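Novice: Sharing a sequence plus its predicted fold:
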Amino acid sequence: MAVKESQDALVAERLQALGVELLTEWDALVFLYRHAASLCTTAQIAQLIGYDKAEIGAALHKLESLGLIQRSRVSQGMRFYRFSAPEEPSRRSRLLELMNLAQNRAGRLLLLKHLRRPGLPPVRRSDSGLRLA
Amino acid sequence: MAGDGVIRTGIAGLDRILMGGIPRRNVILVEGTTGSGKTLLGTEFIYRGITEFNEPGIIVVFEVSPDKLIRDAATLGWDLAELQTQKKLQIVFTSPQVLDHELHSADSLLLETAGEMGAQRIFIDGIGLLCQAANAAAATPANGPASYRVILQQLIEGLNREHLTAMLSHEIGSHTGSQPTSEAAESLVDTVIRVNRTLHSRRIHRSIEIVKSRGQDYDPGEHTLSIQSGKGLEVYRRVQAPLPISKDQPTSTSKRSAIGVDALDALLGGGIFDGSTTMVVGLSGVGKTVLGTQILREGALRQNKRGLLISLDEHPAQIVRNAETLGLNLQSQMDEGTIHVLFDSPQELNIDVHFAKIVSTIEENDIQRMVIDGMTSYSTALQDQAVYRDFFHALVAYSKHRLMTTFFSYENPEFLGLSTFMPDFPVSSIVDNIILLSLVEIRSSLRRCLTVVKARGCPHQFDSREYVIGPGGITLLPFDENVAKALPLASYNSILSRAPSRMPGSAEAASK
């Protein structure tokens, strides 16, 4: 029990340090982390990870402001979206820890507890049906 | 072909069949079935470009996740993530529709990125998927292939404008629509490389063929493609492809060297010409391997000629042991590096790979005398007689090209008397010398008999001579020796037939 609580606290602390609050932000970040550089539209990313275009648009904007991704200029409605590892070592290691955590189901469920959908309160453990990239 | 006008792929063996490389800025199409190695070939083209020729590159993927591409490349020892960090590589995940839009765009983000990083190579994986974009753009699905051709033309135009050498992969055979798109791509690009994966007797065989390549010469035909663990792709030139030999290339010398069996050298009129080829034919157990061992030891010990023994039948340790029972020490020469033994299992023998091993062993060790023991095992292992014959011709041609003295042993299945030297195919016109080792039945015992049937350019003797195998290997008995109280072979007629007959008066002459 104590171990679970400490893990909960660690995840919460790391997400807070990174500034990621929403599930859409996290899923968009994981997608770009895996793909390194994507040449596409916001709508295509939204379609690939199963969200509304407006939600993903807002998430990408937030991630850029946090310095976690880079967006190129717009060309024909498209951009280059690139994952950008935080320069600050402690922030970078926190991000990598969370990415590692997201590689298994238990870790993803733990993350889910601390992320919320836009306009909704944090997800309760009993909730189901939400997807995580 | 070489120089700035040529881009080298860096893939082991591929540049050789491309005569040095591909003309720079040729658009290269790699087509093949699922699992044939298209993505790997394209990825290695980019990887080798960066690491061996300092040419940054871009990989565009539609379906393969970049992190999986990086993971798979890591198993071959390629650190693509590090190359991305160094900004020498950019893996771009996009969709066919986006790429289509990009190619129309004057301010293309992809080409802008290529310019910023100084990219000289680009690999686009799965251009068949551009057909989706074409179908989306076409008024009716029937216009699909035509639109695809237009999109491809735009793609090639955009790549040429940016002075990129592009490799495009296209899957064939997996869906009904692949043929028209594949044909359109083949006609538009400059170079077509086809990779294939086939099943032969429950084993996988990968092959590669240069179908066309504008502005250059290349080795045509189907070559072997292999994925080397921890290394990458390797192309093995098909063994039957003729060597590029000039008219001035000498194929033999006027110098003669001893074989290593005194009486045999005398029968040959003083040894054989350096650079010649000799076939030793005989039944199992007559001493073909023993003679081969003597030939190699003579070369290494007395003539300063490095030797190579090739066997599909016996492991090197067994060859060494058997030779030692006759007092022929091979191990010392092997330790010194004056004799090398190449053993390959006849199971799943890939003849292109095997021939490449022979060539590399010869070239790395400056081999001058070679014994292939024996050709019959190749006949069994290869199944396809045409491939077997091509291999034999290639060995003879390569041996002549290097001016090596080469001995082939051939196990003839006929027990007493021979109707042909090699039942598989006529060989007498290909090799320079033929030595026959036979068993003959005299009274109630089998005796060994050696005959020089052919020795091109040598004043050889046609006498059949009895020999024994003992300490030191094969020894020919002198004519006048009465072995085991039997008459010498000279006392008989038709010794090589199935029924030798005694000459009249020979017994009386022998008893005097």
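Specialist: Structure received.

Novice: which residues touch the residue in the stretch 201-350 of chain B positioned nearest to chain A?
Specialist: Residue of the stretch 201-350 of chain B nearest chain A, by C-beta to the nearest C-beta: B:G232 (21.6 Å). Heads up, the C-betas are built off the backbone N, CA and C, glycines and all. Residues in contact with B:G232 (C-beta atoms under 8 Å, 6 or more residues apart in numbering or on different chains) are B:I11, B:A12, B:L40, B:E44, B:Y47, B:L76, B:G77, B:W78.

Novice: cool, B:Q294 as well?
Specialist: Contacts of B:Q294 by C-beta under 8 Å, 6+ apart are B:I259, B:G260, B:V261, B:L328, B:G473, B:I474.

Novice: how near is B:R194 to B:G327?
Specialist: Taking C-beta to C-beta, to the nearest Å as the measure, B:R194 falls 55 Å from B:G327.

Novice: out of these two, which sits in the busier spot?
Specialist: Neighbours per residue (other C-beta atoms under 10 Å in any protein chain shown) separate B:R194 from B:G327, with B:R194 holding more: 22 against 10.

Novice: And what about that one, helix, strand or coil?
Specialist: When classified by DSSP: H, G, I helix; E, B strand; the rest coil, B:R194 comes out as strand.

Novice: Give me the pLDDT value at it.
Specialist: The score at B:R194 is 96. That number is its pLDDT.

Novice: quick one: contacts of whichever strand or helix holds B:L40?
Specialist: Taking DSSP states H and E as the definition, one finds B:L40 inside helix B:38-53. Residues outside helix B:38-53 that contact it (C-beta under 8 Å, 6+ apart): B:7-11, B:30-32, B:55-59, B:64, B:69, B:73, B:78, B:80, B:83, B:88-89, B:120-123, B:125, B:167, B:169-171, B:193, B:195, B:227, B:232-233.

Novice: Now with 7 Å, please.
Specialist: Contacts with helix B:38-53, where a contact means C-beta atoms under 7 Å, 6 or more residues apart in numbering or on different chains, come from B:8-11, B:30, B:32, B:55-57, B:59, B:64, B:69, B:73, B:78, B:83, B:88-89, B:120-121, B:123, B:125, B:167, B:169, B:195, B:227, B:232-233.

Novice: So the most centrally placed residue in chain A versus A:L95, what's the distance?
Specialist: Against the mean C-alpha coordinate of chain A, by C-alpha atoms, centre = their mean, the closest residue is A:W26 at 1.2 Å. Using C-beta to C-beta, A:W26 is found at 11 Å from A:L95.

Novice: Next: B:L283.
Specialist: 75 Å.

Novice: out of those two, which sits in the busier spot?
Specialist: Comparing B:L283 with A:L95 by neighbour count (other C-beta under 10 Å), the higher total belongs to A:L95, at 21 against 17.

Novice: mind checking which helix or strand the more buried one is in?
Specialist: A:L95 belongs to helix A:89-101, assigned by DSSP H and E.

Novice: I'd like the distance from that helix to the chain centre, please.
Specialist: Mean-position distance between helix A:89-101 and its chain equals 12 Å (C-alpha atoms, centre = their mean, to the nearest Å).

Novice: For B:I435, list each beta-bridge partner.
Specialist: As for beta bridges, B:I435 partners with B:V280, B:V452 under DSSP bridges.

Novice: what's around it, how many residues?
Specialist: Neighbours of B:I435 under the rule other C-beta under 10 Å: 26.

Novice: Do I have it right that B:P346 meets B:L312?
Specialist: Yes - in this structure, B:P346 is within contact of B:L312 by C-beta atoms under 7 Å, at 4.5 Å.

Novice: Could you find the closest non-adjacent residue to A:F83?
Specialist: A:L32 (4.4 Å; C-beta to C-beta, 6 or more residues apart in numbering or on different chains).

Novice: can you tell me which residues contact the one you found?
Specialist: By C-beta under 7 Å, 6+ apart, A:L32 lies in contact with A:S38, A:I69, A:Y81, A:F83.

Novice: State the helix or strand in which it lies.
Specialist: Assigned by DSSP H and E, A:L32 falls in helix A:23-35.

Novice: which stretches of the stretch 351-500 of chain B form strands?
Specialist: Assigned by DSSP state E, counting those that start in this stretch, the strands in the stretch 351-500 of chain B fall at B:369-373, B:405-411, B:433-442, B:445-455, B:464-470, B:473-476, B:492-493.
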